[in-house]
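Student: Sequence first, then the predicted structure, then my questions.
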Amino acid sequence: MAKFLEKLPEIPPNPSNAAPPFPEYASDSFRKGQGYFQLLMYNDAIREFEKAVKEHPDFLLARLYLAMGYLRLGDDAEAYRHFRLITSLTDHAQMKAISYHAMGCIQAKNANLEQAKQYFKLAAMADPSSLEPALSDFCVNPEENAEPGGFLS
């Protein structure tokens, strides 16, 4: 999986212990989910992010982590569902780019290379600065990059 998919937006620090500007960031479920995700404990992370999304349905960062957790566990259908929802609800360029890119990876994994290429183009249009060079390599040479050790490995 591309390294840039590991770069999820960070929560701003709150050194003053004042009420956070977005209460969903203070959610115990979200914080626990982040911890489990960083420890690569994706089943536990998913459980916590599901709770966070249930508590705050519009909390797209939690939904993005949730989608990535499902993607990491190989549940492409559930990951795709969440990524698609994110792309329809957000104006945040990086979230759109990450979601479109992940959807492209899912399509490429399923040998839907034309659809994958379309999603990669959407990702590039959403936020050209957040894409790694390997993405353009994949769009130009998908067969070569689908090999073990290639872009999709």
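Tutor: Cool, the structure landed. Numbers count the residues shown, from 1 in each chain.
Student: So, low pLDDT: which residues of this structure?
Tutor: Low-confidence segments of the chain (pLDDT under 70): 1-26, 131-153.
Student: care to break the protein down by domain?
Tutor: Annotated domains of the chain cover 23-75, 91-153 [automatic domain parsing].
Student: My understanding was that residue 82 contacts residue 66; is that so?
Tutor: Yes - here residue 82 reaches residue 66: they are 5.6 Å apart, a contact under Cβ atoms under 8 Å. (C-beta placed from N, C-alpha, C; glycine too.)
Student: So for those two, which sits in the more crowded spot?
Tutor: residue 66 (27 against 23; other Cβ atoms under 10 Å).
Student: buried ones in the lengthiest helix in the chain?
Tutor: Longest helix in the chain by number of residues (criterion: DSSP state H): helix 93-109. Residues of helix 93-109 classed as buried by neighbour count (16 or more other Cβ atoms under 10 Å): 94-108.
Student: Not counting its neighbours along the chain, what's nearest residue 118?
Tutor: residue 104 (7.7 Å; Cβ to Cβ, 6 or more residues apart in numbering).
Student: Could you do residue 84 as well?
Tutor: residue 103 (6.8 Å).
Student: just checking, residue 32 touches residue 49?
Tutor: No - using Cβ under 8 Å, residue 32 is not in contact with residue 49, being 9.1 Å away.
Student: Please say which of those two ends up with more neighbours.
Tutor: A count of neighbours by other Cβ under 10 Å puts residue 49 above the other of residue 32 and residue 49, at 31 against 17.
Student: tell me which element the more buried one falls in.
Tutor: In the assignment (DSSP states H and E), residue 49 maps to helix 42-55.
Student: and the nearest residue to residue 97 once chain neighbours are set aside, what is it in contact with?
Tutor: Using Cβ to Cβ, 6+ apart and skipping residues adjacent in sequence, the residue nearest residue 97 is residue 127, 3.8 Å away. Residue 127 makes contact with 93-94, 96-97 under the criterion Cβ atoms under 8 Å, 6 or more residues apart in numbering.
Student: Distance check, residue 95 against residue 43.
Tutor: 24 Å (Cβ to Cβ, to the nearest Å).
Student: quick one, helices of this structure?
Tutor: Using DSSP H, helices in the chain cover 28-38, 42-55, 60-73, 76-89, 93-109, 113-126, 133-140, 142-145.
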